[in-house]
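> Dropping the sequence and predicted coords here.
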Amino acid sequence: MRKQFRLPILLVVLVMMLTLVLAACSDKTSEKDSGENATIQEITTEELKENIEDDSWVIVDTRINDAYNGWKLDGVERGGHIKGAVDFAANWLDVEVENKEELLNEALETKGIVPEKNIVLYDANGEDASKVAEYLSNKGYKNLYVYDVKEWAKDESLPMEKYDNYHLLVPAVVVKDILDGKTPETFENAKNIKIVEASWGEEDTSYAKGHVPTSFHINTDSVEPPPAWMLADDETLKEFALSHGFTKDDTVIVTGEAQMAAYRVAVVLKYIGVEDVRVLNGGLGAWIQAGYEVETESHKPTPVSDFGAEIPANPDIIVTQEELKELLPKTEEFTLVDNRTWEEYIGEISGYSYHDKKGRIPGAVFGYAGKTDANSLDYYRNIDNTMRNANEIIAMWQEQGIDTNKHLSFMCGSGWRAAEVLFYAQVMGLENTSLYSDGWIGWSNNPNNPVETGDPTK
């Protein structure tokens with residue numbers, strides 16, 4: 001008889017043990033399994049509030065860059081990020097770029113997202129935080145928490161931050177909403193919304209290969225004619241505005257495969273006097289990464305006969321060479337920020353195949369640009385080519401003694417890189433800013449202008 005009951009008793013014991021194990025697991029409702037490296041826990045708003053000022057914790061916004069900047073995406077009641085949070089967007093993990101892991105590791109270190117800290121990863125779609133958590137877990141991170149920022153955003157007493165002019169950088173999803181006939185936030189008063197693609201050369205160089213639907217092409221040569229490629233005179237810019245159908249009351253969103261071209265044209269449109277000029281954050285790459293289709297059909301602008309204001313209607317955004325000479329001695333109130341590579345700044349290279357003069361403008365302060373050549377702007381962009389965290393940009397400037405309380409005029413070789421940096425400064429809310437459009441090329445082409453070379457710190 002004992003042999004008959006031995007197997008059933010063993011089964012009962014096993015069932016009881018399994019029940020205990022399952023009960024223990026069900027008690028940990030706030031934990032999510034993440035492979036071998038870490039257990040990812042959910043954190044409550046109260047727990048987050050208790051630890052947010054603790055230096056051993058770091059709060060990370062894993063949403064797309066535009067949400068961090070200030071846009072209300074994925075159903076949040078308030079736009080922007082939790083005060084003090086850094087950014088590490090989940091979509092950065094999907095970007096195809098050379099030295100990707102090196103760039104991601106550099107971003108983690110810069111933002112203080114290190115293994116020894118407690119890391120809160122938040123999102124609003126229930127996916128981004130888990131994606132980044134899994135990535136960090138696989139790198140050996142242990143103390144990982146996820147949080148739904150919608151809970152924080154709906155409580156008005158909890159601090160959130162956004163850039164003063166976040167609306168100047170438009171997310172791809174908002175452009176898509178406009179194309180679908182919707183009226184997104186900050187576009188409520190937009191009268192005539194025009195989407196344009198800016199690139200150097202004729203349509204077949206970029207535009208014809210694929211562009212945001214309905215956009216028409218702007219060849220940058222039309223605002224800076226060859227062979228000098230300096231900003232065109234005001235009469236030429238007036239003809240450009242009218243022939244491309246622009247008026248001062250338009251809302252223009254500039255896109256492009258090469259983003260510097262988009263920012264260059266955007267600043268020129270501001271100078272002309274278009275009152276509402278914005279840029280697709282991340283350019284055409286952001287549109288494609290969001291999963292939206294491009295089109296190859298060519299669209300043409302409808303010319304107008306009246307811009308609606310005298311051109312230029314916003315001349316202060318551009319500093320001329322003569323104005324620069326008057327401003328440079330006023331160091332207590334003015335700084336010329338040189339957005340070229342270090343090698344260009346100290347005069348090792350000119351940076352341009354069509355310009356051989358090397359050096360810098362005396363008094364110009366090194367303001368970073370890219371790490372490789374005159375077409376790079378690594379120090380100002382995230383891995384997906386969106387605008388870098390403003391705190392990191394300002395910290396970079398402070399290292400060089402650049403005071404944001406002064407008027408900052410940005411320059412590069414001919415205006416492209418500096419136009420993008422100027423736009424970012426204005427997104428941050430730095431209104432006392434301008435572009436020295438002629439840049440190093442315009443300055444050095446005048447044999448009467450003084451020039452410096454070498455490392456000024458030695």
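Arrived safely. Computed from a prediction, not measured in an experiment: that's the story for all the values here. Numbers count the residues shown, from 1 in each chain.

> Pretty sure Asp221 sits against Trp200.
Yes. Taking Cβ atoms under 8 Å as the definition, Asp221 is a contact partner of Trp200 at 6.9 Å. All C-beta spots, glycine's among them, are computed from the backbone N, C-alpha and C.

> The two: which has the busier surroundings?
Each of Asp221 and Trp200 has its neighbours counted (other Cβ atoms under 10 Å); Trp200 has more, 19 against 13.

> show me the contacts for that one.
Going by Cβ atoms under 8 Å, 6 or more residues apart in numbering, Trp200 touches 206, 219-221, 258, 261.

> same check, this time on Thr453
346-347, 358-360.

> do the same with Lys458
Contact analysis of Lys458 by Cβ under 8 Å, 6+ apart lists nothing.

> Tell me which stretches of the stretch 351-458 of the chain form strands.
Counting by DSSP state E, counting those that start in this stretch, the stretch 351-458 of the chain has strands at residues 365-366, 407-411, 433-436.

> Parallel or antiparallel, list what pairs with the second one.
Here strand 407-411 is paired, per DSSP bridges, with strand 334-338 (parallel), strand 433-436 (parallel).

> Specify the local secondary structure of the nearest residue to Pro301 once chain neighbours are set aside.
Spatial nearest neighbour of Pro301, excluding adjacent residues (Cβ to Cβ, 6 or more residues apart in numbering): Gly245 at 4.0 Å. Using DSSP: H, G, I helix; E, B strand; the rest coil, the structure places Gly245 in coil.

> Give me the below-cutoff pLDDT ranges for the stretch 201-350 of the chain.
Scanning the stretch 201-350 of the chain for pLDDT under 70 picks out nothing.

> And the helix or strand hosting Ile178, what does it pack against?
Remark: Ile178 resides in helix 172-179, with elements defined by DSSP states H and E. If you count contacts as 3 or more Cβ pairs under 8 Å, 6 or more residues apart in numbering; DSSP states H and E, helix 172-179 packs onto strand 192-199, strand 250-255, helix 283-289.

> would you list those in CSV and tack on mean neighbour count and distance to Ala232?
Below are the helices and strands packed on helix 172-179 laid out as CSV (neighbours: other Cβ atoms under 10 Å; distance: least, Cβ to Cβ, whole Å):
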stretch, mean neighbour count, distance to Ala232
strand 192-199, 22, 15
strand 250-255, 23, 17
helix 283-289, 22, 24
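
> Among those, which comes closest to Thr404?
Smallest distance to Thr404 across the helices and strands packed on helix 172-179 (Cβ to Cβ): 25.1 Å, for strand 250-255.

> wait, isn't Asn314 in contact with Tyr271?
Yes. Counting by Cβ under 8 Å, Asn314 touches Tyr271, with 5.7 Å between them.

> Those two - which one has more neighbours?
Tyr271 (24 against 18).

> Mind telling me what element the more buried one is part of?
helix 259-272.

> tilt between that helix and strand 250-255?
Helix 259-272 runs at 160 degrees relative to strand 250-255, counting by axes from the mean of the first three to the mean of the last three Cα atoms, to 10 degrees.

> Summarise which helices and strands helix 259-272 is packed against.
strand 192-199, helix 234-243, strand 250-255, strand 276-280, helix 416-428.

> Which secondary structure elements does the longest one sit against?
Spelled out, it's helix 416-428. By 3+ Cβ pairs under 8 Å, 6+ apart, helix 416-428 packs against helix 259-272, helix 390-399, strand 407-411, strand 433-436.

> Test my guess that Trp152 contacts Met160.
Yes. Trp152 lies in contact with Met160 (Cβ under 8 Å); the separation is 7.2 Å.
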